[in-house]
Structures are given as structure tokens and as C-alpha cells.
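Asks: The amino acid sequence is not available; the structure is as follows:
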Ligand SMILES: *Cc1c(COP(=O)(O)O)cnc(C)c1O
């Protein structure tokens, strides 16, 4: 770990791999699969964990370490590991720490692929799960079993923007000696630092706001040293390592994370406020709108509402399709957290195979539109949404 004595914005810019004898200013790309040793003794000592030299890029790499060191500093964690995608981060956080006979207590409103891992794969290896409702935090403690090993939650959730009190979950986890694992993808460490509220692990899809420009996939897990050690042991042998190229891109991205998120958050709030009360909409959801059901919790644990705004079209599924077709500026694409604004309609795409009831269980209604607010001028983003709403009837 390098110097971590500065403010987060400064650490995001200044934490850097040691300069080589070429005296470069910007970190070079270390596109190498393996690393050399001067002699057999140095190689022996490194394999025996007596040095911290790099061996092989599946284990560690200077670009990946720089990215991890920044994520550790920004989240206020002790250690971390970077992975090839957000899903490999979430998966490794389960597989590194859970064993057959353990029980995972997860929020029901979680990312679609995470839901698949929890319900289709974990049971294959004898790991049980149950889902709790994020809107009923009082019911969670009663769901803890003697074999509950981990609580997993995503707040705000994708795509429903449900929010849960992390301080409360942290207290429950501490009381029962359970690992609290938080997917902090939507808030980023700029707006929410779960470890300061009692989380033991934070997982990220770096593909989203951290990259911020829709270029590369990546993921990260940061948290308590002893937990990361077990996750690292799992990853080192199973191979979900982040590529050095992606790490180089993502570390550069972190240099601008704070200024980008500030703008994403300002524009998203402005759009949410402008849309509230629109005659074509039955609801607008944004963490920092007072009408959000968990507004008080959002204000307590987040310093900004993030870059995602959701709204509900009065006309349901058919209106959602018309709305997407009428957009001229916003992109129709599966990603989020890009400099380009993106619109998506879960009921006709990602969640099309589910029944209305199954969708309702994860906070998705037929007319739900998710906007990932980009870095274009907010007037242009809003104008495109408003004209498309006129065509959505
Ligand atoms: C996208 C996403 C993931 C998965 O990340 P990938 O990088 O696509 O593998 C996990 N959690 C949340 C909340 C996400 O939005």
C-alpha cells in the first residue's frame, strides 16, 4: 500500500506504481504475463512468500495493484483484489468465503446475474440462500439462521433504486458475527462508503461508473484483510484476474471519478426534479428526491444520489417500447455509468422472460424506464427525454 495520507480525490489521482528508471510521469502498461528473478534464491524466496515480488499476472501485476490500491484507499478498506468483471468479483466473494452447509442471506433486489449465481449455482455446491425484502429491514434479523455466514446487499439496487440502511445492517452483522458484503456499484465510493458503516466487504463492477466511458470490463473486491486473503487464494488458483490493460484504463478512469460523479449526480437530480409531476409518468424515482421511500436513509448514508434516474410510464410495456423508439440522443444499450446517457426498459429486455409478479418482486414494473445520466449538457438530455415522453402515449 502506497501513501494514503491525502483526501480521496487526491489518492484517486496520485496513488501510483513506483516510477521505473525511465522516469515516466504516467504509469506505463505492464503487459507481461510473468516476471523475472535475478537468481534461483530470489525465485525460491518469492514462491515461499518471503518477498512481495510479482510472479505471474494471474496473481498480481503492477497495473492491477495500482488500481486495487486506489480502490482500497477510496473505500477505506484494508486490502483488495481486482477481477475481470463485476460478476467475477461477486462470485469470488461468495466462493472464497462460503462452503457447503452455509447460508447466504441476500436482498431480493439484486443484479440479474447475481440472482442467477445465488439461485442456480450456489445451491449446486450445497450453499443455501434466502431473500429478504429491502423495504422491510425490521424482518431481516429473524431470517438469520445458525449457519448464516454472509449478508449480501446492493444499495441503491439495480434497477429499482431500492435503498437499505447500511448502518443497521452493519449492526445486525456485527451482533451475529456475519460478513456484510455490499455491492457498491451504483453509489461508487464517491457517494457512499459502506465500510465506514459496518460492511466487511465491498464489491464493484468497475465496468460501470468507475470506467465511466463504456470501454472495458472489470471488478473489484475490497475489505477486511483476512477475508480478502481467502478470496485471493481462491482467485489465484481459479483465474478471474483483471487484465493489466484494463487495469491501466481503469486506474486512469479513477483519476476523474470524483469530478465525473459530481456532474452525473447534479444532472441526474436536475432531471429527476424536472420529470416529477410529468403527466405521462405515474412516478419518478431518485435517491435524493424527497418522494423516494427511503429518502431519509439515502440522505443519511449517501453524499449524492448517483447518476441513475428511474420513472414509470403510465402506459406500461407498450409505452416503454414507444419511448425507446422515440429517443434521438440517448443510447439504447445494456450498459450504464457511461459519459453517454443511456435509456433502458427492463420489462421488454433484461427482465422480459419474467412474469409481472416475478418482476414486481425485484422492483420492476411494466413501464419502468432506467436512465443512466451521462455527461452531455443536461438541457439536451432532458429535452430528448421530454420529446420521447410525448411520443410514448
Ligand atoms: C453490472 C453490474 C454487475 C456486474 O458487473 P459486470 O462488470 O457486468 O460483470 C454487478 N452488480 C451491479 C449492481 C451491476 O450493475
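Replies: Thanks, I have it. Note that the structure is predicted; figures quoted are calculated from it, not measured. Residues are numbered from 1 along each chain as shown.
Asks: Show me how the record splits this protein into domains.
Replies: If you go by automatic domain parsing, the domain ranges for the chain are 8-30+61-254, 257-391.
Asks: okay, the ones you listed, which one's buried deepest?
Replies: domain 8-30+61-254 (a mean of 20; mean count of other CB atoms under 10 Å). Just so you know, the C-beta spots here come from the backbone N, C-alpha and C atoms, and that holds for glycine as well.
Asks: What's the end-to-end length of that one?
Replies: Domain 8-30+61-254 has an end-to-end distance of 10 Å (CA to CA, to the nearest Å).
Asks: what pLDDT, on average, does it get?
Replies: Mean per-residue pLDDT for domain 8-30+61-254: 97.
Asks: That one near the ligand at all?
Replies: Yes: using CB under 6 Å from any ligand atom, domain 8-30+61-254 comes into contact with the ligand via 85-87, 90, 111, 113-114, 154, 158, 183, 185, 205, 207-208, 217, 219.
Asks: Which helix or strand lies directly C-terminal to the longest helix seen in the chain?
Replies: Criterion DSSP state H: the longest helix present in the chain is helix 257-275. Downstream of helix 257-275, the next assigned helix or strand under DSSP states H and E is strand 281-285.
Asks: that older thread, and the longest helix of the chain, what does it pack onto?
Replies: Judged by 3 or more CB pairs under 8 Å, 6 or more residues apart in numbering; DSSP states H and E, helix 257-275 is in contact with helix 8-14, helix 188-191, strand 281-285, strand 308-313, helix 378-390.
Asks: related to what we said a few turns ago, now, the most widely separated pair of the residues of domain 8-30+61-254 next to the ligand?
Replies: Distance extremes for those: the farthest pair is 154 and 217 at 18.1 Å, using CB to CB.
Asks: How much space separates whichever residue of the chain sits closest to the ligand from residue 35?
Replies: For the chain, the residue closest to the ligand is residue 86, as judged by CB to the nearest ligand atom, at 2.2 Å. Distance of residue 86 to residue 35, given as CB to CB, to the nearest Å: 27 Å.
Asks: likewise residue 256?
Replies: 30 Å.
Asks: now the nearest residue to residue 56 once chain neighbours are set aside: how far from residue 223?
Replies: Of all residues not flanking residue 56 in the chain, residue 34 sits nearest, at 5.0 Å (CB to CB, 6 or more residues apart in numbering). Going from residue 34 to residue 223 by CB to CB gives 28 Å.
Asks: so where do the helices sit in the stretch 151-300 of the chain?
Replies: 166-176, 188-191, 225-238, 244-255, 257-275, 295-301 (DSSP state H, counting those that start in this stretch).
Asks: got JSON lines for these, with distance to residue 101 too?
Replies: Formatted as JSON lines, these follow (distance: least, CB to CB, whole Å):
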{"stretch": "helix 166-176", "distance to residue 101": "17"}
{"stretch": "helix 188-191", "distance to residue 101": "34"}
{"stretch": "helix 225-238", "distance to residue 101": "17"}
{"stretch": "helix 244-255", "distance to residue 101": "36"}
{"stretch": "helix 257-275", "distance to residue 101": "40"}
{"stretch": "helix 295-301", "distance to residue 101": "33"}
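Asks: what kind of secondary structure is residue 303 in?
Replies: coil (DSSP: H, G, I helix; E, B strand; the rest coil).
Asks: Let me see the contact set for the nearest residue to it once chain neighbours are set aside.
Replies: Distances taken as CB to CB, 6+ apart put residue 191 closest to residue 303, at 5.3 Å, once the chain neighbours are dropped. Residue 191 makes contact with 261, 265, 302-306, according to CB atoms under 8 Å, 6 or more residues apart in numbering.
Asks: bridging residues for residue 153?
Replies: In this entry, residue 153 is beta-bridged to residue 182, by DSSP bridges.
Asks: tell me the contacts of it?
Replies: Counting by CB under 8 Å, 6+ apart, residue 153 touches 106-107, 110, 134, 164, 166, 169, 180-183.
Asks: check contacts around the nearest residue to residue 112 once chain neighbours are set aside.
Replies: Leaving aside its sequence neighbours, residue 112 sits nearest to residue 350 (CB to CB, 6+ apart; 5.8 Å). Contact analysis of residue 350 by CB under 8 Å, 6+ apart lists 112, 334, 344.
Asks: my guess is residue 350 is in a strand, correct?
Replies: No: applying three-state DSSP, one finds residue 350 to be coil, outside a strand.
Asks: for residue 334, helix, strand, or coil?
Replies: Residue 334 - assigned by three-state DSSP - is coil.
Asks: my read: it touches residue 344, true?
Replies: Yes: shown here, residue 334 and residue 344 form a contact pair, counting by CB atoms under 8 Å, at 7.1 Å.
Asks: what is the closest residue to residue 223 other than its chain neighbours paired to in the beta sheet?
Replies: Closest residue to residue 223 apart from its sequence neighbours, by CB to CB, 6+ apart: residue 201 at 3.7 Å. Beta bridges link residue 201 to residue 181, residue 223, judged by DSSP bridges.
Asks: Tell me which residues touch residue 201, please.
Replies: Each residue near residue 201 by CB under 8 Å, 6+ apart is listed here: 93, 179-182, 221-224, 227-228.
Asks: mind redoing it with 6 Å?
Replies: Residues near residue 201 by CB atoms under 6 Å, 6 or more residues apart in numbering: 93, 181, 223, 227.
Asks: got it, and residue 126?
Replies: Contacts of residue 126 by CB under 6 Å, 6+ apart are residue 100.
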